[in-house]
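K.L.:
My questions are about this predicted structure, shown below with the sequence.
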Amino acid sequence: MAEPAPALILSTSAGPPVGAVIALPVTPGEPSPVVGAGADVLTRLGVDAAAALAREEAKGEPGEVVAVPIGRDGVDTVLLAGVGDGSIRSLCRAASAVVRRAKPSESLATTLTVGRDAAATRAVAEALWLASYVFSRKSDPKPVKLRQAVLIVDDPAASHPALDQARATVAAVLLARDLAST
């Protein structure tokens, strides 16, 4: 079975996420939304997340994304992605929105899965793969630029079965799409 694009890599949360685009979860909070796992990366990059979220009137709702241009230290953009209540549905919406915003880049790293269970990891992987899919009837379609996504997880070894399940689900969905279009 061919690997869906982009290639998905599991990594530990021990180090800072590295990628042209870094996506961090944002949850609703009072008086303002709160950046979750990976917030320390914002400090390293000199990003005032509170100001960026306030400027965009972000609330941390599922699928809401605030882009902060960086352009240094190997990071082009930081995406602050609303995950709402952190439910599977909310994480799927967040992951889909993130990958749509990251498509023009070559790589993405996200902490959306840090501190979450295998079902959440599977859901985020499926959403990333399915949202990255590009359909084209052209004989020479425009190449997809997003080639690699790194999911930062607590335990990569324990997350591999969830990633394998996501890969199988996405392959089945894409196969069904291919069969329906013939």
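P.N.:
Ah, there it is. Numbers count the residues shown, from 1 in each chain.
K.L.:
from here on, contacts and neighbour counts on C-alpha atoms
P.N.:
Fine.
K.L.:
At the geometric centre of the protein, which residue sits there?
P.N.:
In the chain, the residue lying closest to the centroid (Cα atoms, centre = their mean) is Ala95, at 4.3 Å.
K.L.:
Please verify my assumption that it contacts Val124.
P.N.:
Yes. Because the distance of 5.7 Å satisfies Cα atoms under 8 Å, Ala95 is recorded as touching Val124.
K.L.:
returning to what we had before: phi first, then psi, for the residue nearest to the centre of the chain.
P.N.:
Torsion angles at Ala95 (phi, psi; degrees, to the nearest 10) stand at phi -60, psi -40.
K.L.:
same thing with Val35?
P.N.:
As for Val35, its main-chain torsions (degrees, to the nearest 10) stand at phi -80, psi 130.
K.L.:
what number of residues lie near it?
P.N.:
Neighbours of Val35 under the rule other Cα atoms under 10 Å: 22.
K.L.:
Could you check the pLDDT of it?
P.N.:
On pLDDT, Val35 comes in at 90.
K.L.:
Can you list the neighbours in contact with stretch 57-72?
P.N.:
Here stretch 57-72 makes contact (Cα atoms under 8 Å, 6 or more residues apart in numbering) with 26-29, 32-34, 45, 47, 52-53, 56, 76-85, 90-91, 93-98.
K.L.:
shared neighbours, Ala95 and Val124?
P.N.:
Leu112.
K.L.:
So for stretch 163-178, what gets flagged as buried?
P.N.:
Applying a neighbour-count criterion of 16 or more other Cα atoms under 10 Å, one finds Leu163, Gln165, Ala166, Arg167, Ala168, Val170, Ala171 buried in stretch 163-178.
K.L.:
can you pull out the strands in the protein?
P.N.:
7-12, 21-27, 34-35, 65-72, 75-82, 107-110, 148-153 (DSSP state E).
K.L.:
Point out the most buried one among these.
P.N.:
Highest mean neighbour count of the strands of the chain: strand 21-27, a mean of 28 (counted as mean count of other Cα atoms under 10 Å).
K.L.:
would you list every one of the helices in the chain?
P.N.:
39-45, 49-55, 88-102, 118-132, 156-180 (DSSP state H).
K.L.:
which non-adjacent residue is nearest Leu91?
P.N.:
In this structure, Leu91 finds its nearest non-sequential neighbour in Val83, 5.6 Å apart by Cα to Cα, 6 or more residues apart in numbering.
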